[in-house]
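A.B. asks: need coordinates for the following:
(chains A and B)
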Amino acid sequence: MTATHHDETPVTEYPPHYEPPRGPAWRLVFGPGLVRGVWMGAAGFVLGMLLVLLLRWWWSWDPVWNTEVVLVVGALTAAPIGFLAGIGAFDYWLYYVSGRPTRPEDHSGHGATSWKDYFRVNTDHKVIGIQYLVTTFVFFTIGGLMAMLFRAELAQPGLQFMDSQTYNGLVSAHATLMIFLFIIPAFAGLANFAVPLMLGAPDMAFPRLNALSYWLLPIAGIMFTASFIAPGGAFGAGWTGYAPLAEGQPLGQTFFNMGVQWAGASSILTALNFLVTIITMRAPGMTFWRMPLLVWANFTTSLLVVLATPFIAGSQFFVLFDRIMHTSFFVPEGGGYVLGYQHIFWFYSHPAVYIMMLPGFGIVSEVISSMSRKPIFGYRLMALSLMGILVLGFSVWAHHMFVAGMADWLRVPMMISTLLIAVPTGIKVFSWVATLWRGRIHLTTPMLFALGFVTMFVVGGLSGIYLGSVPIDIAASDTYFVVAHIHYVLFGGSVFTIFAGIYYWFPKMTGRMYDERLGKWHFWLTFVTFNLTFFPMHYVGLRGMPRRVFDYSEAFGDLNLIISVASFGLGASFVVFVYNVVVSWARGPVAEANPWRAQTLEWQVSSPPPVFNFDEIPQVVGGPYEYGVPGARHAILRPAREAQEVPA
Amino acid sequence: MRKAIVHLVALGVVIAVPVTLVAVRFQWLPTSASEEFDRIQDVYWFATVMSIAIFSLVTAVVVYSVWKWRVPRDDDRDGPPIHGNTGLEIAWTAVPALLVIALGIVSAVVLSENGQAGPQPLQVRVIGQQFAWKFTYPDYGDLTSGELVLPVDREAKFTMESVDVIHSFWVPNFGQKMDAVPGIETTILVTPTRTGQFAVVCAELCGLGHATMRARARVVTQQEFDAWVKEKRA
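C.D. replies: Residues are numbered from 1 along each chain as shown, chains lettered A, B, ... in the order given. Next up, the predicted model:
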């Protein structure tokens, strides 16, 4: 617990047996960092490969060389562990468990003074938050380019540019990157930055674990992307990876099976960290009912992640075992149960859609309240409805299986619980619009994205009502209507909130202000092209176009051309965002501490915040959204010395 | 306040009218060719009416609020400190709950009606295989065909199986869909009401040729069906 002792004098002298660092060349190769990460990753691969070959030779298996097993053990398991050890993610723990003197915490792994510090194992939640966000936007770009590639293919019926394995691979990898490498971790990144600040804490509860969680992520991303160079092509069974199709896929499928493990481990560790941080590191006076809704949202999301993620990990391990160990979890000839895969998979992947949405609810609550200059309407019901979604979210997974051939009796109960989720979700939407009512509305870029979210998310929610109703779902399931629905929920929903969050906290993160005019351009271009791209998909889906096809009936040709052209426009609108962020980060006007005059704690410190967030421990005295209440304050920031005298 | 609500209702109507036109002027659903799809379309319209009302309400409040209460950037006053309203909160918990439960009941009734087989349905076995459909008619000495031929106005019971991966049997005009899953048998009922040719589409990603896994469904009169059977068995 490094950071909690920040108010003590930093320890700078080392114990006598600590060896001073050697020369720069030695440090470069053998010191923690990317160089050591690369060679230790390679060493990990070789060790993994030798282990496989040795064991196969020992038991006289023929042939000794099996590419798939070598790949799974060497490249997808041992090499990443070697890489993590190389960059130094385990250094402290390894010194500790081996009884060697640990380097006393001198906070050298905290804060960032140059861009190079972002390429190191850094324990500062603010640095990790930015590492997360930049990484996730890199994968957002890759995933978006993949989408534009297959939209180019879909502009006309028939197969034009690619073979069908590549097409299936692009569709699968697009979804996988967007889910596991963009939406889920982008929310984790925003929360990493904002939650400790909002709680009045100096850092997350486990800073070293936090650093490890981040570094697991690029491993998963590289794995998913690299599957395209695997012999036979990328995984092409969809991001859902249904068995038994996935079990007959080329080698690229194992990149998916293992990539999900690394991304899942990252999610679980971060979620545990958030839970412990939120439960134990709230500033004095920060009761649960005084927490900002972003904190509530991440609290419920983390509960979902911790409970659900092991299920997808299990489902992918089972597929992997079926592939390389010849088990038969999902092989009917061996007594396996094909639908078992879907039950386990959706038991995670339905809660996962709330993992991809609740943090966005939190962001929007912050933005709408502070930009409307009004307290959030019905604060307690807003928090309780998050808990309602959490509980209901675990009882609806089989609505993905209405046409899958599962037990008939499951349909109606799962339909009712699915439809009931509209109730807590509706409470949130109505409370946001009631917060706007009679407010003093500042239509800034984050606010535009928040309002764009509210309207588009309602569309996505309503198409969800159609799909929740079993008879309509029987007609619309597995069609482009579903594709339209998920993009209204995940793009019009989640991605809009991520943009709102980035613009909202941009001054806090970078200490600079983004360009408001470009921000508005970005919003309107995105909003229009988004609707042009995804709204017609409802129509082609209902009319009879199934999803995940490279070829379709001539009748849908015109609309698909419009969709493809609009999708390129959507891609172009993202360039405006990237330009704005990059230029503003480098040269934008210096931001004030609190440009939005918001009341939550992160705005009460400088922009960017000090290394340990608060020079003074805040005393929380009221709710987080007391706009317009005369004399009301969320917190009082007192000098640190005074704070120590108060019994904990 | 009263004036604001009048404005709001007017704006809601202004939004609802074009949205309703979009919903009714375009033919969003394929022409129904089965009794089952007729019932499903009733549920669809129930959900559509509900959706138009909710969408128009929310959008109207957002647009109205921004139009009415937008302030310039340098305005530094706060809005009124309204923390909530128990009556409203109860209302917008209860009303949506009643609406979705109503939709749930309607859906459950239609699902049950669409799932009840009559006394003597025409039995059709559907075999999915990468990347083709095969139909066999056990009532006619396991007659096998690559084309699905059905007599009009006679209930057909499809029993699906798959020899490799999961496929999904779908005829958009019938509004019915069911996966063909290796290792288990699944069933679905269709009562065709309209003669003509329709597409049989595989709706579940099944590999390289998924997009091309299509077949033709032909709904004919009973006499034509009998003639087809006779010709096939000859």
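
A.B. asks: for residue 54, give me the pLDDT.
C.D. replies: Reading this off chain A. pLDDT for residue A:54: 97.

A.B. asks: chain B is the one I meant
C.D. replies: So residue B:54 comes in at 96 (pLDDT).

A.B. asks: that one: what secondary structure?
C.D. replies: Assigned by DSSP: H, G, I helix; E, B strand; the rest coil, the conformation of residue B:54 is helix.

A.B. asks: in contact with it, which residues?
C.D. replies: Residues in contact with residue B:54, defined by C-beta atoms under 8 Å, 6 or more residues apart in numbering or on different chains, are A:426, A:458, A:462, B:96. All C-beta spots, glycine's among them, are computed from the backbone N, C-alpha and C.

A.B. asks: what's the closest non-adjacent residue to the closest residue to chain A within chain B?
C.D. replies: Closest residue of chain B to chain A, C-beta to the nearest C-beta: residue B:183 (2.9 Å). Closest residue in space to residue B:183, ignoring its immediate chain neighbours: residue A:332 at 2.9 Å, by C-beta to C-beta, 6 or more residues apart in numbering or on different chains.

A.B. asks: roughly how far does that neighbour sit from residue A:515?
C.D. replies: According to C-beta to C-beta, to the nearest Å, residue A:332 stands 58 Å off from residue A:515.

A.B. asks: related to what we said a few turns ago, residue B:4: which of the contacts of residue B:54 is nearest?
C.D. replies: Of all the contacts of residue B:54, residue A:458 has the smallest distance to residue B:4: 21.1 Å, by C-beta to C-beta.

A.B. asks: surely that closest one forms part of a helix?
C.D. replies: Yes. Residue state for residue A:458 (three-state DSSP) corresponds to a helix.

A.B. asks: neighbours around it, how many?
C.D. replies: 24 (other C-beta atoms under 10 Å in any protein chain shown).

A.B. asks: quick check, it in contact with residue B:60.
C.D. replies: No. Using C-beta atoms under 8 Å, residue A:458 makes no contact with residue B:60, being 11.5 Å away.

A.B. asks: ok, back up a step: I figured the residue of chain B closest to chain A hits residue A:338, correct?
C.D. replies: Yes. Using C-beta under 8 Å as the test, residue B:183 is close enough to residue A:338 to be in contact (5.3 Å).

A.B. asks: show me the contacts for residue A:544.
C.D. replies: Per C-beta under 8 Å, 6+ apart, neighbours of residue A:544: A:479, A:553, B:30, B:172-173, B:199, B:201.

A.B. asks: so how far is residue B:186 from it?
C.D. replies: Applying C-beta to C-beta to residue A:544 and residue B:186 gives a distance of 21 Å.

A.B. asks: check residue A:138 too.
C.D. replies: Distance, residue A:138 to residue B:186, by C-beta to C-beta: 43 Å.

A.B. asks: ok, those two, which is more surrounded?
C.D. replies: residue B:186 (22 against 15).

A.B. asks: dump the residue contacts of residue 130.
C.D. replies: By default, I'm working from chain A. By C-beta under 8 Å, 6+ apart, residue A:130 lies in contact with A:112, A:118, A:189, A:193, A:509.

A.B. asks: look at chain B instead
C.D. replies: B:164-165, B:206-209, B:213.

A.B. asks: just after the stretch of helix or strand residue A:147 belongs to, pick out the following helix or strand.
C.D. replies: Using DSSP states H and E, residue A:147 sits in helix A:125-154. Later in the chain than helix A:125-154, the nearest helix or strand by DSSP H and E is helix A:164-176.

A.B. asks: hang on, the earlier thing: list buried members of the contacts of residue A:544 by neighbour count.
C.D. replies: Taking 16 or more other C-beta atoms under 10 Å in any protein chain shown as the criterion, what is buried in the contacts of residue A:544 is A:479, A:553, B:30, B:172-173, B:201.

A.B. asks: between the residues you listed, which is nearest residue A:596?
C.D. replies: For the buried ones among the contacts of residue A:544, the nearest to residue A:596 is residue A:479 (42.2 Å; C-beta to C-beta).

A.B. asks: and chain A, what are its domains?
C.D. replies: A:3-97, A:115-587, A:601-645 (automatic domain parsing).

A.B. asks: run the chain-centre distance for the second one.
C.D. replies: Think domain A:115-587. Offset of domain A:115-587 from its chain centre (C-alpha atoms, centre = their mean, to the nearest Å): 7 Å.
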